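Q: would you be able to build a 3D model of this:
(one chain, ligands or ions: 1)
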Amino acid sequence: MKRHNFSAGPCVLPKEVILKASEALLDFDNGLSLIEISHRSKPFVDVMEKARALALELLGLEGKGYKALFLQGGASTQFLMVALNLLEKRAGYLNTGAWSDKAIKEAKIYDDVYEVASSKNANYNYIPKGYDVPSDYDYFHCTSNNTIFGTQMKSFPKVDIPLVCDMSSDIFSRTLDFSQFDLIYAGAQKNMGPAGTTLVVIKEDILGKVSRKMPSMMDYKVHIDKGSMFNTPPVFAVYTSMLTMQWLKDLGGIKAIEKENEKKAIVMYSEIDLNPLFKGFAAKEDRSKMNATFTLENENLKETFDAMCKEGGINGINGHRSVGGYRASMYNALSLDSVKVLVEIMSELESKA
Ligand SMILES: *Cc1c(COP(=O)(O)O)cnc(C)c1O
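A: Now for the predicted structure:
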């Protein structure tokens, strides 16, 4: 049975990427596996350099003073690394979900953090708008896509302080002027590769402005100076991420995948809106094109619907416990056909009910 992987993360990757990655496990360099050669050997240094270059190329940030790093510790480590490297007095955070909330909690360890706006009181079902960001803050932090709640920022505030964005769950999924950001980070396992590495894209000139002593592993400057090889990098995660970025480039880049992602979102949300059995969770204008969250109006149908999904090969659509219901994650590698299969099951449920 063909399975359709709607998992929120770790998530679906292109089949050809998984094939190439598995070949490299067996034989990457004349009979040696990717995971048993030195990370300082030329074949792997080339992989790292290619991955770093592809990230900047896909985002349209080459030659603009940015550096790309592949670090460890997940996006969760970036919550504190951002604060350690940039927070001197006070920073502004937009609280749009559980991940923003965690980022705020980590930053508060180091200094003062101000929530410029929050949608916590509405269980994060919308993105706050019309807030002010004080211009004397060290930076402003936001989360472009709220994986758990299914909301996505469609625009970003114009600020004249460094703009930091957690793009873990929508990196490389839509065109944006990425040069409006000074620091972007994204755990690989949502839209780029396996868990184990985090992409950090950073404008170098925002660094070096805090007075605290910095542990080496936490210092962006150290990682930049060492070409993202300060310590042994997670070679398999970096290699597989590089393959996914190459796959995306060959498809035509972010512009091409954005068209596909839009088609998938239209099919998915049309069904949620037209089928009386289902109800969308997020405010319509803030809906995420990556994670569609919805509930069943009649809980009695849950067992039937779940069984139909199982039979149809639908995987990973259970909603996060803080929202309940369902979440269909439609990352770059999920095909429009998979969305159509899910939507068909939803409409079949309607005809049965
Ligand atoms: C998954 C996720 C994280 C956490 O990533 P880890 O790599 O598990 O630390 C952070 N932010 C967002 C938006 C996420 O979706």
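
Q: list phi and psi for M229.
A: phi -130, psi 30 (degrees, to the nearest 10).

Q: distance check, the closest residue to I148 other than its chain neighbours against W99.
A: Counting by C-beta to C-beta, 6 or more residues apart in numbering, H320 is the residue found nearest to I148 once chain neighbours are left out, at 4.4 Å. (Glycine included, C-beta is placed from N, CA and C.) Distance of H320 to W99, given as C-beta to C-beta, to the nearest Å: 11 Å.

Q: which neighbours do these two have in common?
A: Common neighbours of H320 and W99 (criterion: C-beta atoms under 8 Å, 6 or more residues apart in numbering): I148.

Q: residues contacting whichever strand or helix holds L342, please?
A: In the assignment (DSSP states H and E), L342 maps to helix 336-352. With C-beta under 8 Å, 6+ apart as the test, helix 336-352 has contacts from 4-6, 260, 263-264, 267-268, 271-272, 275-278, 301, 304-305, 308-309, 312-314, 317, 328, 330.

Q: for that helix, buried residues please.
A: Under the neighbour-count criterion of 16 or more other C-beta atoms under 10 Å, helix 336-352 has 338-339, 341-343, 345-346, 349 buried.

Q: helices along the stretch 251-353 of the chain, start to end?
A: Using DSSP state H, counting those that start in this stretch, the helices found in the stretch 251-353 of the chain span residues 253-274, 302-311, 336-352.

Q: nearest to the ligand, of the ones you listed?
A: When the helices of the stretch 251-353 of the chain are compared by C-beta to the nearest ligand atom, helix 253-274 sits nearest the ligand, at 16.2 Å.

Q: local confidence estimate at the residue in the stretch 151-300 of the chain positioned nearest to the ligand?
A: For the stretch 151-300 of the chain, the residue closest to the ligand is G187, as judged by C-beta to the nearest ligand atom, at 2.9 Å. G187 carries a pLDDT value of 98.

Q: so what's it bridging to?
A: T198 (DSSP bridges).

Q: ok, it - contacts?
A: Residues near G187 by C-beta under 8 Å, 6+ apart: 9, 74-76, 168, 195, 198.

Q: on that earlier part again, redo the helices of the stretch 251-353 of the chain as JSON lines? Include distance to the ligand.
A: Formatted as JSON lines, these follow (distance: least, C-beta to the nearest ligand atom, whole Å):
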{"stretch": "helix 253-274", "distance to the ligand": "16"}
{"stretch": "helix 302-311", "distance to the ligand": "23"}
{"stretch": "helix 336-352", "distance to the ligand": "20"}
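
Q: okay if I get these as CSV plus mean pLDDT?
A: Listed next are the helices of the stretch 251-353 of the chain as CSV, based on pLDDT from 0 to 100:
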stretch, mean pLDDT
helix 253-274, 98
helix 302-311, 97
helix 336-352, 97
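
Q: residues in the protein within reach of the ligand, list them.
A: By C-beta under 6 Å from any ligand atom, the residues of the chain that approach the ligand are 9, 74-76, 99, 143, 147, 166, 168-169, 187, 190.

Q: show me the strands in this protein, by range?
A: 4-5, 66-71, 90-95, 112-118, 140-143, 145-146, 151-152, 163-166, 183-187, 198-203, 278-280, 291-296, 314-315, 326-329 (DSSP state E).

Q: re earlier: so what's the residue nearest to I148 up against?
A: Contacts of H320 by C-beta under 8 Å, 6+ apart are 8, 148, 327.

Q: make a markdown table from these and add neighbour count and pLDDT to it.
A: Formatted as a markdown table, these follow (neighbours: other C-beta atoms under 10 Å; pLDDT from 0 to 100):
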| residue | neighbour count | pLDDT |
| --- | --- | --- |
| A8 | 23 | 97 |
| I148 | 19 | 98 |
| R327 | 24 | 98 |
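
Q: of all those, which comes closest to T240?
A: The shortest approach to T240 among these belongs to A8, at 18.6 Å (C-beta to C-beta).

Q: grab the nearest non-local neighbour of that closest one.
A: In space, A8 is closest to S329, 4.5 Å off (C-beta to C-beta, 6+ apart).

Q: isn't that neighbour right next to C11, touching?
A: Yes. If you go by C-beta atoms under 8 Å, S329 and C11 touch, sitting 6.1 Å apart.

Q: now for the two: what residues contact both?
A: Contacts common to S329 and C11, judged by C-beta under 8 Å, 6+ apart, are G316.

Q: and for L61, nearest residue in space, chain neighbours not counted?
A: F178 (5.6 Å).

Q: the one you found: neighbouring residues, count only.
A: Around F178 sit 19 other residues, with neighbours defined as other C-beta atoms under 10 Å.

Q: quick check: it touching E62?
A: No. F178 lies out of contact with E62 (C-beta under 8 Å); the separation is 11.0 Å.

Q: relative to the ligand, how far out is Y126?
A: Y126 sits 16 Å away from the ligand, going by C-beta to the nearest ligand atom, to the nearest Å.

Q: contact partners for the closest residue to that residue other than its chain neighbours?
A: Once flanking residues are discounted, Y126 sits nearest to A283: 3.9 Å by C-beta to C-beta, 6+ apart. Counting by C-beta under 8 Å, 6+ apart, A283 touches 125-127, 151.
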